[in-house]
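Peer 1: sequence isn't available, so here's the structure alone:
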């Protein structure tokens, strides 16, 4: 079944590099994953004011050679900032890992994001934690 987000991006003529995900890539090595996550901590969800890592939006970081693929789950299926967040994530990871030729960011819905995915610091920042 075609992912709803993928279909919407195609229908809207989404940014280059987005569309149907290719076959899964190998999970990124620890150093690549950590560098990508540090870079993604600088990507702030404009509606919530919290970074995508603390919100638990990062689903996968994969790498094969000089290409990486990041899977992000949006906090809302109808998030109007989805394409903007994807482009910010792509730029941040490319800047942090200059050895990469490209970074593809897939907006995924499986598994769907839920508030349980957030870190304690994100919960506190949003007034949801102790």
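Peer 2: That came through fine. What you are looking at is a predicted structure, and each value in this text was computed from that prediction instead of being measured.
Peer 1: show me what counts as buried in the longest helix seen in the chain.
Peer 2: Using DSSP state H to define each element, the chain has its longest helix at helix 82-96. Residues of helix 82-96 classed as buried: 82, 83, 85, 86, 87, 88, 89, 90, 92, 93, 94, 96 (neighbour count, 16 or more other C-beta atoms under 10 Å). Yep, even glycine has a C-beta here, placed from its N, CA and C like the rest.
Peer 1: okay, now the residue nearest to residue 44 when sequence neighbours are not counted: neighbour count?
Peer 2: Computed as C-beta to C-beta, 6 or more residues apart in numbering, the closest residue to residue 44 that is not its neighbour in sequence is residue 51, at 5.5 Å. Residue 51 has 20 neighbours, counted by other C-beta atoms under 10 Å.
Peer 1: so how far is residue 104 from residue 51?
Peer 2: Distance, residue 51 to residue 104, using C-beta to C-beta, to the nearest Å: 20 Å.
Peer 1: where does the closest residue to residue 95 other than its chain neighbours sit, in terms of helix or strand?
Peer 2: Nearest non-adjacent residue to residue 95, counting by C-beta to C-beta, 6+ apart: residue 39, 6.8 Å away. Using DSSP states H and E, residue 39 maps to helix 30-40.
Peer 1: before we move on, back to that, report the angle between the longest helix of the chain and helix 30-40.
Peer 2: Using axes from the mean of the first three to the mean of the last three C-alpha atoms, to 10 degrees, the inter-axis angle of helix 82-96 relative to helix 30-40 is 130 degrees.
Peer 1: which strands or helices does helix 82-96 pack on?
Peer 2: Helices and strands touching helix 82-96, by 3 or more C-beta pairs under 8 Å, 6 or more residues apart in numbering; DSSP states H and E, are helix 30-40, strand 67-73, strand 102-108.
Peer 1: just checking: what are the partner strands of the second one?
Peer 2: Put plainly, it is strand 67-73. Looking at strand 67-73 with DSSP bridges, its partner strands are strand 58-64 (antiparallel), strand 102-108 (parallel).
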